[in-house]
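Q: can't give you the sequence, but here's the structure:
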């Protein structure tokens, strides 16, 4: 790859000032307020016994209290009125296990599965996948893989959802080799990898600093006829950033039709690690032109890029601009680490 030339407007000797127009400034402030409101609404909707229409009010009230009773014996007593219904309608058990997965209660979900087995209630692929997802969300990759193994023992054949959850569990646990192993085995097991499979494996490689492997997976994804999306590109850009491969990060950013705040943040962080302050500032200006509001992470990365290159005046300008776009400086903004 040929070396990139820094933007003309940032050559040495020229003063930098972020050109945030009033509409863009106002949009950033309003956008952050709307995001907070949306977050509150999601939080409120997740509270209380609103688990699912398929979960009885008694179970919903019990779940609202907490993860007890947790033992299989206690569960058998609590679930006794439900088990007969589950035998005729497996979706009822799926609904309960789905709630436990969302609430990150994997051990309780597993005990429910054990209770079903002891009471001779057939467990299907959806039930196992819910428990597998619960361990994945709880970042317990070893337990997640045990559930995957149990599926074969119960004559339930894992599907693409199962392997994607296993890959994600490995990614969260920093087990990139296992993530790649499961991705490679999927075709042999008649499970076709999809965008989620590749994207999660790319993220696993990126977090472990193996950006070349992340790039290889990106090529394999495209060769297989799958389309890249924002999540996949962001994971690949982050992989390049962690390895200081800022030019590759910028190339990937350039292939995206509508880069998001996360995309720019990953690219700016890559430039910061590569001491490319001109490109960091150039990306901030590009964000303003496309009306993408920067977050604190990417703004601090740009400040750090200037600081690393002794461009302290530009770093101070960035700090001064933060209140304008509704960003509150923290210890990283002032390099108090």
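A: All right, it came through fine. Quick caveat: nothing in here was measured; it's all calculated off a predicted structure.
Q: could you measure from residue 105 over to residue 312?
A: 50 Å (Cβ to Cβ, to the nearest Å). In short, each C-beta sits where N, CA and C put it, glycine included.
Q: residues contacting stretch 102-116, please?
A: Contacts with stretch 102-116, where a contact means Cβ atoms under 8 Å, 6 or more residues apart in numbering, come from 63, 67, 70-72, 75-76, 79, 83, 86, 93, 96-97, 100-101, 122-123, 127-128, 130-131, 134-135, 137-138, 140, 143, 147.
Q: gap between it and the chain center?
A: Once both centres are worked out by Cα atoms, centre = their mean, to the nearest Å, stretch 102-116 turns out to sit 23 Å from its chain's centre.
Q: what's the answer for stretch 290-301, then?
A: 18 Å.
Q: in it, what counts as buried?
A: 292, 293, 294, 295, 298, 299, 300, 301 (16 or more other Cβ atoms under 10 Å).
Q: can you lay out those residues as a markdown table showing pLDDT?
A: Putting these into a markdown table (pLDDT from 0 to 100) gives the following:
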| residue | pLDDT |
| --- | --- |
| 292 | 84 |
| 293 | 82 |
| 294 | 82 |
| 295 | 81 |
| 298 | 81 |
| 299 | 84 |
| 300 | 84 |
| 301 | 84 |
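Q: so residue 105 and residue 312 - more neighbours on which side?
A: residue 105 (21 against 11; other Cβ atoms under 10 Å).
Q: what about the contacts of stretch 102-116, which are in helices?
A: Counting by DSSP state H, these place 63, 72, 75-76, 79, 83, 86, 93, 96-97, 100-101, 127-128, 130-131, 134-135, 137, 143, 147 in helices.
Q: give me the buried subset of those residues.
A: The buried subset of these (16+ other Cβ under 10 Å) comprises 63, 72, 75-76, 79, 83, 86, 93, 96-97, 100-101, 127-128, 130-131, 134-135, 137, 143, 147.
Q: contacting residues for the residue sitting nearest the centre point of the chain?
A: Nearest to the mean C-alpha position of the chain, by Cα atoms, centre = their mean, lies residue 231 at 8.1 Å. By Cβ under 8 Å, 6+ apart, residue 231 lies in contact with 195, 199.
Q: one more time with 7 Å
A: Residues counted as contacts of residue 231 (Cβ atoms under 7 Å, 6 or more residues apart in numbering) are residue 199.
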